[in-house]
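Asker: Give me a 3D structure for the following:
(2 chains)
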Protein chains: 2
Amino acid sequence: MKLYYSKGTCSLAVRIALHEIGIKAQYEAVNLKIKQTESGKDFLKINAKGAVPALELDNGEILTENAVIQQYLADLHHATTVLPEVGNFKRYRVLEWLNYVSTEIHKGCGALFHPKIPQTVKDEVFIPMLKAKFDYLDAHFANSPFLLDHFTLPDGYLFVILSWLPKFNIDINDWKNVSRYITDVKNRSSVKAALQEEQLL
Amino acid sequence: MKLYYSKGTCSLAVRIALHEIGIKAQYEAVNLKIKQTESGKDFLKINAKGAVPALELDNGEILTENAVIQQYLADLHHATTVLPEVGNFKRYRVLEWLNYVSTEIHKGCGALFHPKIPQTVKDEVFIPMLKAKFDYLDAHFANSPFLLDHFTLPDGYLFVILSWLPKFNIDINDWKNVSRYITDVKNRSSVKAALQEEQLL
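Answerer: Alright, predicted model coming up:
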């Protein structure tokens, strides 16, 4: 299989999952501005939505949507440590966090990247909304080492999104438990390997 | 089990799923402004995130996150028509749309509800982004009766979000295939029953 990715973007979460599960994959970079892959392919013909990650399976099918690619990989490889099987209620606790990270944390950053949104609106609306979510996470991490009691799929995803915060002049040290969590996740070998591959260490 | 809901909000998607799967449940309304349930409970003690839907299981556990509650219900009842089982690749096609509806369509509407975002920013940034997604959906529905070849979980969810468009002065008739799709979904007995229960017909 091949992962279409872009350095440091949310596709890094899938790369972390691949390492965590222990799956060898090929990787092809995508220039998201011109929607072209490093081998010169038109990325819009691979994923009409124009976004990474996109996973090309060995049969040629393309799977998109970050949280779904992660589930697919875990289910395929019976990686029940990072995503318990159907029938185990803990599966839905993992998915609950995965969905929260996707819809609230990841999507909560979306507006901050948008050049047409005035900085005042970012400062008065979007940054406070995001900070309220960090308060929620900080309270959670006061009593939990990871999103759950051990590393699961949404942890890699959350780690990646949190790595963007310096771009928005948000200092994560203001949330001491989130800060401790980031250090712990960054020290995992799967995360180190993924960061190294994207030359982010 | 009991669904905490608020009339016409995204929790309606779970009510549709409950009908579609054929699960009897209790329902308790939540006043989201004051975070209180109709029986007088503090909703923040039920779901600290303050959002509906929240599903209370018979053992007292609370499950949150719309897309995850839907998966849980389908898996629990082996409702493989609306969500194929693990091992069937079509499961991930259903989840792909479910995630797209959550992150792009549902979250794409979020800013439009926000009173502190100036209307000019809504008109120049958020409405065009949403309309581009309706273009994408419209092209898809030109060749597909539902999001997939039959009704699955994300269809009920998408239908609910699309029902909000008149609030934003968006006329869905501008997208003829999306408009046809809405009519088809609205005619399903599960959808009719859910709308009737929330007095939305």
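Asker: switch to C-alpha atoms for all contacts and neighbour counts from now on
Answerer: Will do.
Asker: residues in chain A within reach of chain B, list them.
Answerer: Within chain A, the positions adjacent to chain B are A:63-65, A:67-69, A:72, A:75-76, A:86-87, A:92-93, A:95-96, A:99-100, A:102-103, A:107, A:116-117, A:121, A:125 by CA under 8 Å from any CA of the partner chain.
Asker: pLDDT wise, what is the residue of chain A found nearest chain B at?
Answerer: Nearest to chain B in chain A, going by CA to the nearest CA, is residue A:103, at a distance of 5.4 Å. pLDDT, residue A:103: 98.
Asker: which residues does it contact?
Answerer: The neighbours of residue A:103, taking CA atoms under 8 Å, 6 or more residues apart in numbering or on different chains as the test, are B:102, B:103, B:107.
Asker: C-alpha coordinates for the helix or strand hosting residue A:16, PDB please?
Answerer: Here residue A:16 is covered by helix A:11-21, with elements defined by DSSP states H and E. This file holds the C-alpha atoms of helix A:11-21, laid out as PDB (Å, rounded to 0.1, in the frame of the first residue of the first chain):
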ATOM      1  CA  SER A  11      -1.200  12.700   7.200                       C
ATOM      2  CA  LEU A  12       1.600  12.300   9.700                       C
ATOM      3  CA  ALA A  13      -1.000  10.800  12.000                       C
ATOM      4  CA  VAL A  14      -1.400   7.900   9.600                       C
ATOM      5  CA  ARG A  15       2.300   7.500   9.300                       C
ATOM      6  CA  ILE A  16       2.500   7.200  13.100                       C
ATOM      7  CA  ALA A  17      -0.300   4.600  13.000                       C
ATOM      8  CA  LEU A  18       1.500   2.600  10.400                       C
ATOM      9  CA  HIS A  19       4.700   2.500  12.600                       C
ATOM     10  CA  GLU A  20       2.700   1.800  15.700                       C
ATOM     11  CA  ILE A  21       0.900  -1.200  14.100                       C
END
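Asker: Which of the three states applies to residue A:109?
Answerer: helix (DSSP: H, G, I helix; E, B strand; the rest coil).
Asker: To what extent is it buried, counted in neighbours?
Answerer: Other residues near residue A:109 come to 21 when the count uses other CA atoms under 10 Å in any protein chain shown.
Asker: Contact partners for it?
Answerer: By CA under 8 Å, 6+ apart, the neighbours of residue A:109 are A:126, A:130.
Asker: Can you give me the pLDDT of it?
Answerer: For residue A:109, the predicted pLDDT is 97.
Asker: mind checking how far the closest residue to residue A:95 other than its chain neighbours is from residue A:85?
Answerer: Nearest residue to residue A:95, sequence neighbours excluded (CA to CA, 6 or more residues apart in numbering or on different chains): residue B:68, at 6.3 Å. With distances taken as CA to CA, to the nearest Å, residue B:68 is found 14 Å from residue A:85.
Asker: what about these two, which has more around it?
Answerer: Ranked by neighbour count (other CA under 10 Å), residue B:68 and residue A:85 place residue B:68 first, with 25 against 17.
Asker: any idea how far residue A:99 is from that one?
Answerer: Distance from residue B:68 to residue A:99, by CA to CA: 7 Å.
Asker: circling back: so the residue nearest to residue A:95 is in which element?
Answerer: Going by DSSP H and E, residue B:68 is part of helix B:66-76.
Asker: can you pull the buried residues of the very next helix or strand once past that helix?
Answerer: As assigned by DSSP H and E, the chain's next helix or strand after helix B:66-76 is helix B:90-100. Using 16 or more other CA atoms under 10 Å in any protein chain shown as the test for burial, helix B:90-100 gives B:91, B:92, B:93, B:94, B:95, B:96, B:97, B:98, B:99, B:100.
Asker: ditto for stretch A:55-67
Answerer: Buried, per 16+ other CA under 10 Å, within stretch A:55-67: A:55, A:56, A:62, A:63, A:64, A:65, A:66, A:67.
Asker: so how far does stretch A:185-199 reach from one end to the other?
Answerer: First-to-last residue span, stretch A:185-199, CA to CA: 17 Å.
Asker: buried residues in it?
Answerer: Buried-residue list, stretch A:185-199, by 16+ other CA under 10 Å: A:185, A:186, A:190, A:191, A:192, A:193, A:194, A:195.
Asker: before we move on, what about stretch A:162-169?
Answerer: A:162, A:164.
Asker: Tell me, domain by domain, which residues of chain A belong where.
Answerer: Chain A breaks down into these domains under automatic domain parsing: A:2-81+A:191-197, A:89-188.
Asker: right, and those - which one's nearest residue B:157?
Answerer: domain A:89-188 (14.6 Å; CA to CA).
Asker: quick one: terminal-to-terminal distance for the closest one?
Answerer: End-to-end distance for domain A:89-188: 26 Å, by CA to CA.
Asker: Name the surrounding residues that touch stretch A:120-140.
Answerer: Applying CA under 8 Å, 6+ apart, the external contacts of stretch A:120-140 come out as A:104-105, A:108-109, A:111-112, A:147, A:175-178, B:116-117.
Asker: What is the distance between the longest strand seen in chain A and the centre of its chain?
Answerer: In terms of residue count, the longest strand belonging to chain A (DSSP state E) is strand A:26-31. Here strand A:26-31 is found 16 Å from its chain centre; the criterion is CA atoms, centre = their mean, to the nearest Å.
Asker: same thing with stretch A:76-95?
Answerer: Distance of stretch A:76-95 from the chain centroid (CA atoms, centre = their mean) equals 18 Å.
Asker: do the same with stretch A:32-45
Answerer: 21 Å.
Asker: For that stretch, the averaged confidence score.
Answerer: Mean predicted confidence for stretch A:32-45 is 98.
Asker: ok, now stretch A:138-158?
Answerer: 98.
Asker: Fine, thanks again, bye for now.
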